[in-house]
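Visitor: quick one: sequence and predicted model below, then my questions.
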Amino acid sequence: MTRFLLFIIFSIALQQKAYLQNYVPLDTLHWEINAQSYILENYKGKDAIYIQRGLAFLKDEKFLNGTIEFDVYLTKRQGFPGVRFRTSSDRLNMESFYLRAHLPNKPDSNQAIPVINGMSPWQLYFGPSYSVPFDYDYNDWTHVKLVINGKKAQAYLDYSEKPNLSWNLVHEPKEGGIAIGGGGAGPMHYANFKLNKEEYEIVDFNPAKRKPIQGLIQAWEVSDKFEEKQLDNLNTLKPLIAKRKWGKKIRVEEGTAANIARQVVLNDGTSNNTVFAKIRIISDKDQTKLFEFGYSDRVVAILNDTPLYKGSNQYRSRDYRYLGTIGLFDAIYLDLKKGENILLMAVSETFGGWLITGKFKDLQGITIKYD
């Protein structure tokens with residue numbers, strides 16, 4: 001046997017050994033499966049797990065930097081297969097990347113997003129900074145590869161030589177868990193999961209940048225939670241406001257909106273889904289000012305204990321394609337009195353992003369206080 005042939009055999013053996021070292025079998029020995037249903041089976045020639053509405057968490061593994069790879073067999077049904085990484089011990093905070101399998105070649109074919117206190121605020125983290133169009137194949141496995149290093153991440157789809165998407169991670173880098181799976185009605189098959197903590201080179205990192213909205217209210221004070229239905233009785237509005245506890249502040253992120261979920265956990269086992277977001281407006285005279293604002297999902301605007309506006313911006317609230325992403329899409333005229341005025345925005349949430357934002361068209365004669 002020639003030396004060259006021996007070299008080839010040795011090289012193949014090393015490659016296979018490296019593959020096996022990084023490969024994690026998809027079974028209940030290695031994974032904790034929290035899903036509505038799942039099946040372990042051989043599918044389309046690969047040992048796979050079929051997951052519906054849930055996640056499989058890799059057992060006894062902590063991840064900070066490295067490469068995560070897996071295959072997923074997509075269908076045209078609405079579904080969100082993907083991976084979560086650096087998950088916190090309570091599984092309320094993590095980073096994630098998932099595919100919108102039903103939206104091939106759309107601007108939001110996929111989504112890179114943080115999970116913050118149990119919420120995935122895709123109505124805030126949207127656009128080319130966090131998504132890229134991609135034409136999915138429904139007749140073969142789709143390969144997904146993520147490279148994570150510090151606060152940078154890149155996604156390679158279907159063995160692309162160059163990253164399809166580069167983005168800045170939101171959470172501070174901290175070692176955590178890994179999970180695969182997703183939500184939505186459409187279950188998916190996953191196969192060939194690999195984890196390599198030694199490979200984390202970021203190349204051609206050039207994430208898209210969002211243009212910030214100028215002149216936004218930069219901070220809001222938020223109250224404790226209460227049930228949305230308590231806003232229906234105007235006779236008890238003042239006592240409802242008086243009972244609130246204050247002290248938590250949220251600031252604008254992405255140059256777009258403040259994220260209430262930074263300070264308040266929505267899904268805590270109660271039916272409370274609403275907070276007041278507050279600013280104080282000091283006016284040098286009686287005057288009317290135009291206030292432009294955005295919110296998610298629903299809002300009641302209250303000035304000096306008087307309700308002025310009620311609206312809904314939630315997913316599909318305005319038509320069946322409406323996403324409810326945040327922006328300055330509404331406006332009201334505020335009749336300010338001389339001195340201090342308190343603007344409360346009662347913001348209620350279902351899913352997709354618990355958000356508030358706003359700006360005055362003209363700041364002449366007024367001062368904003370956030371305490």
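Guide: Arrived safely.

Visitor: hey, let's count contacts and neighbours off CA atoms from now on
Guide: OK.

Visitor: now do the contacts for Tyr295.
Guide: 313, 326-327, 347, 354-357 (C-alpha atoms under 8 Å, 6 or more residues apart in numbering).

Visitor: repeat that with 7 Å
Guide: Contact analysis of Tyr295 by C-alpha atoms under 7 Å, 6 or more residues apart in numbering lists 313, 326, 355-357.

Visitor: surely it forms part of a helix?
Guide: No. Membership of Tyr295 in a helix is not supported by DSSP: H, G, I helix; E, B strand; the rest coil, which gives strand.

Visitor: tell me, how many neighbours does Leu29 end up with?
Guide: 9 (other C-alpha atoms under 10 Å).

Visitor: let me redo that: Arg321
Guide: Neighbours of Arg321 (other C-alpha under 10 Å): 9.

Visitor: equivalent analysis for Lys310, please.
Guide: 12.

Visitor: any idea what the closest residue to it other than its chain neighbours is bridged to?
Guide: With sequence-adjacent residues excluded and distances taken as C-alpha to C-alpha, 6 or more residues apart in numbering, Lys310 is closest to Val300, at 4.4 Å. Counting by DSSP bridges, Val300 forms beta bridges with Lys310, Ala346.

Visitor: measure Val300 to Ile281 for me?
Guide: Look at Val300 and Ile281: by C-alpha to C-alpha, to the nearest Å, they are 18 Å apart.

Visitor: for the residue nearest to Lys310, the count of nearby residues, please.
Guide: Applying other C-alpha under 10 Å, we find 19 residues neighbouring Val300.

Visitor: all strands of the stretch 151-300 of the chain, in order?
Guide: Counting by DSSP state E, counting those that start in this stretch, the stretch 151-300 of the chain has strands at residues 152-157, 165-168, 177-182, 188-196, 219-222, 248-253, 257-259, 274-283, 287-296, 298-303.

Visitor: just say which of the ones you listed is most tucked in.
Guide: Of all these, strand 257-259 carries the top mean neighbour count, a mean of 26, counting by mean count of other C-alpha atoms under 10 Å.

Visitor: for the residue nearest to Glu253 when sequence neighbours are not counted, give me the pLDDT.
Guide: Nearest non-adjacent residue to Glu253, counting by C-alpha to C-alpha, 6+ apart: Asn259, 7.2 Å away. As predicted, Asn259 sits at a pLDDT of 98.

Visitor: hey, what's Asn259 bridged with?
Guide: According to DSSP bridges, the partner residues bridging Asn259 are Leu355.

Visitor: so where do the strands sit in the stretch 1-150 of the chain?
Guide: 31-43, 46-58, 66-73, 82-87, 94-99, 110-115, 142-149.

Visitor: quick one, which of those strands gets closest to Asn273.
Guide: Distance to Asn273, taken as C-alpha to C-alpha, is lowest for strand 110-115 among those, at 17.8 Å.

Visitor: Asp284 against Ile366, yeah?
Guide: Yes. Taking contacts as C-alpha atoms under 7 Å, Asp284 lies within contact range of Ile366: 6.3 Å.

Visitor: ok, the two, which is more surrounded?
Guide: When Asp284 and Ile366 are compared for neighbours, Ile366 comes out ahead with 19 against 15, by other C-alpha under 10 Å.

Visitor: quick one: contacts for that one?
Guide: Residues near Ile366 by C-alpha under 7 Å, 6+ apart: 281-284.

Visitor: do that again at 10 Å, thanks
Guide: Ile366 makes contact with 281-285, 287, 289, 336, 338-340, 360, according to C-alpha atoms under 10 Å, 6 or more residues apart in numbering.

Visitor: ok, now Asn34?
Guide: By C-alpha under 10 Å, 6+ apart, the residues touching Asn34 are 51-57, 181.

Visitor: could you give the bridge partners of the spatially closest residue to Phe205 that is not a sequence neighbour?
Guide: Using C-alpha to C-alpha, 6+ apart and skipping the chain neighbours, the partner closest in space to Phe205 is Ser166 (6.1 Å). On the basis of DSSP bridges, Ser166 is bridged to Gln154.

Visitor: looking at Ser166 now. What's its pLDDT?
Guide: 98.

Visitor: can you get me a residue count around the nearest residue to Tyr159 once chain neighbours are set aside?
Guide: Beyond its immediate neighbours in the sequence, the residue positioned closest to Tyr159 (C-alpha to C-alpha, 6+ apart) is His143, lying 6.5 Å away. Residues lying near His143 (other C-alpha under 10 Å) number 19.

Visitor: measure His143 to Lys194 for me?
Guide: For His143 relative to Lys194 (C-alpha to C-alpha), the value is 11 Å.

Visitor: what is in contact with those two at once?
Guide: Common neighbours of His143 and Lys194 (C-alpha under 10 Å, 6+ apart) are 69-71.
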